[in-house]
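> Starting from these lines, generate the structure:
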Amino acid sequence: MTTRDLLRGLLAGACLVTRAVVVSAQSAPVPSPSALMPALTAALSTYDVVLKPDTEAAEWWAGAPSVVRDQHGIVWMAARMRSPEAPRGQRGYEIRLLRSDDGVRFETVHRIRRADVPVAGFERPALLIDPVTRRFKLYLCGAWQGGPWAILKLDDAESPTGFRASTARPVITAPPQRSARDVGVHEYNDPVVVHDGRQWHAYVTGYARQNERTYHYTSDDGERWRPVGDVNAPILDLTGWRNFFVRPASVLPIGAGYLFVYEGSSTRWHDPVYNVVTGLAYTFDLHHLIDLTPEAPLAVSTTPGQFHTFRYSHWLRVGDEVWIYAEVARPDDAHEIRRFRLALPPG
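Purely as a prediction, here's the structure:
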């Protein structure tokens, strides 16, 4: 399959989604999965559960997966474990590092606990392999030294088993107020980090007046970061079905550009703080985005329940498939990590 064929298929599918979902979006809190393009609908209906919460009960979550596949075909995952036994914002008690030979059966190889950093709680991590050194990188987020949430980084390691919590330090922090009435970003979390062959890109969730938007930073070394454009200008803002929150989720290279996977929620939905689902955009330059699902989301949980959450997804190209790892709501209001397989067209 050529890059042109892949892009044409994805764009066509997204257009079909947009047209078909508009009707259901007017009559339901979250659009029905049946309105999605057939290939993705089938992919989302069949999945493997790869990580369950430590307690299978409401508000216990295994989620926020970040995955890489090394040169030997081993899949490594960093996941956030969360419990309800703390105030909100402090419920992410551990970043768990896992290893799998087949992408489905994972074993725990390391744990980074919040007390070890220390931070009050974790949100989504970002796990990568440096294309030059082949060492592993791990980015976290937390309220650094009791202050605002920031993007943190550990020292690189030969293996995820070698990450040391004591090396955590902030690498992306909120900018200082420009005036007494500045309404800019005051904290960051949920990093999505990629390398484009020349430099590093970080997409982060920024809080401005208690609303979540998406911001873009770049770096030459993965340590010192600079905002792209105005530091308070998001690359994804609040609009349409994502008028409550909008966050980065994943970046998938497709040869001629990139698919930019994002997530968001609507003020019309039940509990939009957590009822978060997935949309899709396209970018040539990793900064300017063309929204492919402006009218309604692309992916929602197919599991019955009051939450349709399909969030923190990581899209990974493996041969002729895309493996999608996502945090998905269960009927008991717990969250688990599922792997979905999306077959690419032959050719």
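> so how many other residues sit close to residue 223?
Counted with other CB atoms under 10 Å, the neighbours of residue 223 add up to 12. From N, CA and C alone the C-beta is placed, and that goes for glycine too.
> try residue 104
13.
> before we move on, what about residue 295?
Residues within reach of residue 295, counting by other CB under 10 Å, total 18.
> which SS class is it?
coil (DSSP: H, G, I helix; E, B strand; the rest coil).
> Would you confirm that residue 207 contacts residue 186?
Yes - look at residue 207 against residue 186 with CB atoms under 8 Å: they come within range, at 5.8 Å.
> if I look at these two, which residues touch both of them?
Contact criterion CB atoms under 8 Å, 6 or more residues apart in numbering; residues shared by residue 207 and residue 186: none found.
> Show me the shaky parts of the protein.
For the chain, applying pLDDT under 70 flags the ranges 1-39, 41, 346-347.
> Swap in 50 and give it another go.
1-4, 8, 12-28, 32-36 (pLDDT under 50).
> all helices of the chain, in order?
Assigned by DSSP state H, the chain shows helices spanning 3-25, 38-45.
> ok, residue 47 touching residue 336?
No - using CB under 8 Å, residue 47 makes no contact with residue 336, being 9.8 Å away.
> if I look at the two, which residues touch both of them?
Joint contacts of residue 47 and residue 336 (CB under 8 Å, 6+ apart) are residue 328.
> Any idea how many residues pack against the closest residue to residue 202 other than its chain neighbours?
Once flanking residues are discounted, residue 202 sits nearest to residue 217: 4.4 Å by CB to CB, 6 or more residues apart in numbering. Using other CB under 10 Å, residue 217 has 20 neighbouring residues.
> can you tell me which residues contact residue 217?
Residues in contact with residue 217 (CB under 8 Å, 6+ apart) are 172, 201, 202, 203, 204, 225, 226, 227, 228.
> Do I have it right that the fifth one meets residue 191?
This means residue 204. Yes - the pair residue 204 / residue 191 is scored as a contact, 5.3 Å apart, by CB under 8 Å.
> which residues are common contacts for the two?
151, 172.
> higher neighbour count, those two?
residue 204 (29 against 24).
> distance of residue 51 from residue 59?
Distance, residue 51 to residue 59, using CB to CB, to the nearest Å: 16 Å.
> Neighbour count: the two, which is higher?
It is residue 51, of residue 51 and residue 59, that has more neighbours when counted by other CB under 10 Å, with 22 against 17.
> wait, isn't that one in contact with residue 335?
No - counting by CB under 8 Å, residue 51 stays clear of residue 335, with 9.9 Å between them.
> Now list whatever residues contact both of these two.
Joint contacts of residue 51 and residue 335 (CB under 8 Å, 6+ apart) are residue 62.
> of the contacts of residue 217, closest to residue 179?
Closest approach between the contacts of residue 217 and residue 179, by CB to CB: residue 227, at 17.9 Å.
> For that closest one, list the residues it contacts.
For residue 227, the contact set (CB under 8 Å, 6+ apart) comprises 175, 215, 216, 217.
> let's go with 10 Å and repeat that
Going by CB atoms under 10 Å, 6 or more residues apart in numbering, residue 227 touches 172, 175, 185, 202, 204, 215, 216, 217, 218, 233.
> Show me which of these are buried.
Among the contacts of residue 227, those buried by neighbour count (16 or more other CB atoms under 10 Å) are 172, 185, 202, 204, 215, 216, 217, 218.
> Surely the fourth one is in contact with residue 172?
Yes - between residue 204 and residue 172 there is a contact under CB atoms under 10 Å: 6.3 Å.
> Need the overlap of contacts for the two.
139, 141, 150, 151, 188, 189, 191, 215, 217, 225, 227.
> can you put those residues in JSON lines and add distance to residue 301?
Formatted as JSON lines, these follow (distance: CB to CB, whole Å):
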{"residue": "139", "distance to residue 301": "26"}
{"residue": "141", "distance to residue 301": "24"}
{"residue": "150", "distance to residue 301": "30"}
{"residue": "151", "distance to residue 301": "28"}
{"residue": "188", "distance to residue 301": "27"}
{"residue": "189", "distance to residue 301": "22"}
{"residue": "191", "distance to residue 301": "24"}
{"residue": "215", "distance to residue 301": "27"}
{"residue": "217", "distance to residue 301": "30"}
{"residue": "225", "distance to residue 301": "33"}
{"residue": "227", "distance to residue 301": "33"}
